[in-house]
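[1] sharing a model prediction with you, sequence too.
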Amino acid sequence: MSAAQANKIADEKNLDLVKISPTANPPVCKIMDYGKFRFDNAKKEKDARKNQKVADLKEVWLSMTIDTHDLETKAKQAAKFLSNGDKVKVSIRMRGRQQAHASLGVEVMNEFFSLIADVGEMNKKPLTEGRNIIMILQPKK
C-alpha cells in the first residue's frame, strides 16, 4: 500500500508508522507505538546490564627474591580474587642485576602458578616485557 494509506491507518489507531527496512524495495514499515517500543528496549538493556558480571583485573606484585611463606600469602590473595570471578595480573619488577637473570623470575612465576593451579588457569604465560615479567590468570570454568 502507499505511504499515505499506511499513515492514515496509523493515525486512526493513534499509533506510529515505523520503517523497519528502508533499503528494501518497496520499504517495509510497521504500525506500532514507538514510544512504548523504545521504553521496552531500554528496560531490556538495563536488565541485561544488571545481570552482567564485569570481571575486574586485580594485580599481585611479586619480587624475584620472595620467600616461600610470602609467596604462599600472595597465592592465597590471588586465589581469593579468582574465586570471586576476577582475573589476576601477576607482576615482577626486575631491578638492577636481576634483569640479567630473568629466567629466575619466570621460575618464581611458575612456582606461584603451581600454588593456585586448582582455582585458576593461565590466560597469558609469564612473559618478559622490559623490566617487568607479567602473567595473567583467569578463574577455572
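    Structure received. Residues are numbered from 1 along each chain as shown.

[2] domain ranges for the chain?
    3-50, 57-139 (automatic domain parsing).

[3] out of the ones you listed, which one sits most buried?
    domain 57-139 (a mean of 16; mean count of other CB atoms under 10 Å). Backbone N, C-alpha and C define where each C-beta goes, glycine included.

[4] tabulate the domains of the chain (TSV), appending mean pLDDT.
    Below are the domains of the chain laid out as TSV (pLDDT from 0 to 100):
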stretch	mean pLDDT
domain 3-50	90
domain 57-139	92
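
[5] now stretch 74-93, how far from the centre of its chain.
    Relative to the centre of its chain, stretch 74-93 is centred 16 Å away, using CA atoms, centre = their mean, to the nearest Å.

[6] repeat that for stretch 125-141.
    Distance, centroid of stretch 125-141 to centroid of chain: 17 Å (CA atoms, centre = their mean).

[7] quick one: Val60 from Met135, how far?
    As for Val60, its distance to Met135 is 10 Å (criterion: CB to CB, to the nearest Å).

[8] ok, Asp47 next?
    Going from Asp47 to Met135 by CB to CB gives 36 Å.

[9] likewise Cys29?
    Cys29 is 56 Å from Met135, by CB to CB.

[10] for Lys58, helix, strand, or coil?
    Counting by DSSP: H, G, I helix; E, B strand; the rest coil, the backbone at Lys58 sits in strand.

[11] which residues touch it?
    The contact partners of Lys58, taken as CB atoms under 8 Å, 6 or more residues apart in numbering, are Ala78, Phe81, Asp86, Lys87, Val88, Lys89.

[12] go again with 7 Å.
    Applying CB atoms under 7 Å, 6 or more residues apart in numbering, we find Lys58 in contact with Phe81, Asp86, Val88.

[13] quick one: what helix or strand has the closest residue in space to it that isn't next to it in sequence in it?
    In space, and not counting its chain neighbours, Lys58 is closest to Phe81: 4.4 Å by CB to CB, 6 or more residues apart in numbering. When elements are assigned from DSSP states H and E, Phe81 belongs to helix 68-83.
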